[in-house]
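Asker: Have a look at this prediction, sequence included:
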Amino acid sequence: MNLPRMLGLRLAEGMDITLMTGYARCSTDEQDLTAQRQALLTMGVAAHRIYVDKGLTGTNRNRPGLDQALAAVRAGDTLVVSKLDRLARSVPDARAIGDSLVARGVKLRVGGILYDPADPMGKMFFNILATFAEFEVDLLRLRTKEGMAVARAKGRLKGKPPKLNPRQQAHLIKLHRAGAHSVTELADLFSVSRPTVYRVLDNAQRHEPPPGTSPASGP
């Protein structure tokens, strides 16, 4: 039984492809694109026609590499990705990209399979792949949230530490109240930004006791 053919898909091997353009993406700067590049090269994409995005998630539609790849393809060309989740990780985005390629007469190859959007079964299978890609993103987000919640409950996850410790903040407030330095000078002196200085001063003002009272005064 030829499952890809039943689903309206055609094996890419032996197809008459005018020009192939590849696209690869990884979500973080630490990840390596070597495997994706090699897969695209193996599928026949020329090295100079591979466009990449690094450190960008599939849900982020502002991807310069993808925009360049989409701009490079012409009618009769083929856009090639190793997996659909490299192209898009949400159903609406995958459909939008797929529809735009169809309107321009550009084919889409996902791995070793050439997607045929004109066939209803092929279109259904494409939507199924997009749904699974979106599901993986949602599952990853859920696991991340659960992991952060567990870490926070165990005291392993803390908020971002302040740029100035309490002693430095007290010193900054004292200098400001003495009128010895401007906000810009204080920022330079403590090696912080002006917004940080303003936050320290505003926080001190909010916690300052009302005039005529002292922290030690009783009722």
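Answerer: Structure's in. What do you need?
Asker: Could you chop this structure up by domain?
Answerer: Structural domains annotated on the chain: 3-138, 166-206, as defined by automatic domain parsing.
Asker: Could you dump those into CSV and include mean pLDDT and mean neighbour count?
Answerer: To be clear about C-beta, it is placed using only N, CA and C from the backbone, and glycine gets the same treatment. What follows is the domains of the chain, written out as CSV (pLDDT from 0 to 100; neighbours: other CB atoms under 10 Å):
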stretch, mean pLDDT, mean neighbour count
domain 3-138, 78, 17
domain 166-206, 86, 14
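Asker: in this protein, which spans are strands?
Answerer: Remark: strands assigned in the chain by DSSP state E are 9-11, 20-26, 50-54, 78-81, 107-110, 113-115.
Asker: now for the fourth one, which elements pack on it?
Answerer: The helices and strands touching strand 78-81, judged by 3 or more CB pairs under 8 Å, 6 or more residues apart in numbering; DSSP states H and E, are strand 20-26, strand 107-110.
Asker: at 10 Å instead, please
Answerer: With contacts defined as 3 or more CB pairs under 10 Å, 6 or more residues apart in numbering; DSSP states H and E, strand 78-81 has these neighbours: strand 20-26, helix 34-42, helix 64-72, helix 84-87, helix 91-103, strand 107-110, strand 113-115.
Asker: so which of the strands of the chain comes closest to P162?
Answerer: Among the strands of the chain, the nearest to P162 by CB to CB is strand 50-54 (32.0 Å).
Asker: elements contacting the closest one?
Answerer: strand 20-26, helix 34-42, helix 64-72.
Asker: mind putting these in JSON lines, distance to H207 included?
Answerer: Below are the helices and strands packed on strand 50-54 laid out as JSON lines (distance: least, CB to CB, whole Å):
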{"stretch": "strand 20-26", "distance to H207": "45"}
{"stretch": "helix 34-42", "distance to H207": "53"}
{"stretch": "helix 64-72", "distance to H207": "46"}
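Asker: In PDB, list the C-alpha atoms belonging to stretch 83-93.
Answerer: Provided in PDB are the C-alpha atoms of stretch 83-93 (Å, rounded to 0.1, in the frame of the first residue of the first chain):
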ATOM      1  CA  LYS A  83      10.400  19.000   8.900                       C
ATOM      2  CA  LEU A  84       7.200  21.000   8.900                       C
ATOM      3  CA  ASP A  85       7.800  22.400  12.500                       C
ATOM      4  CA  ARG A  86      10.900  24.100  11.100                       C
ATOM      5  CA  LEU A  87       8.600  26.100   8.800                       C
ATOM      6  CA  ALA A  88       5.800  26.800  11.200                       C
ATOM      7  CA  ARG A  89       4.600  25.600  14.700                       C
ATOM      8  CA  SER A  90       1.000  26.800  14.500                       C
ATOM      9  CA  VAL A  91      -1.800  25.700  12.200                       C
ATOM     10  CA  PRO A  92      -2.800  29.200  11.100                       C
ATOM     11  CA  ASP A  93       0.800  30.100  10.200                       C
END
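Asker: for the helices and strands packed on strand 50-54, which one sits closest to A96?
Answerer: Smallest distance to A96 across the helices and strands packed on strand 50-54 (CB to CB): 11.0 Å, for helix 64-72.
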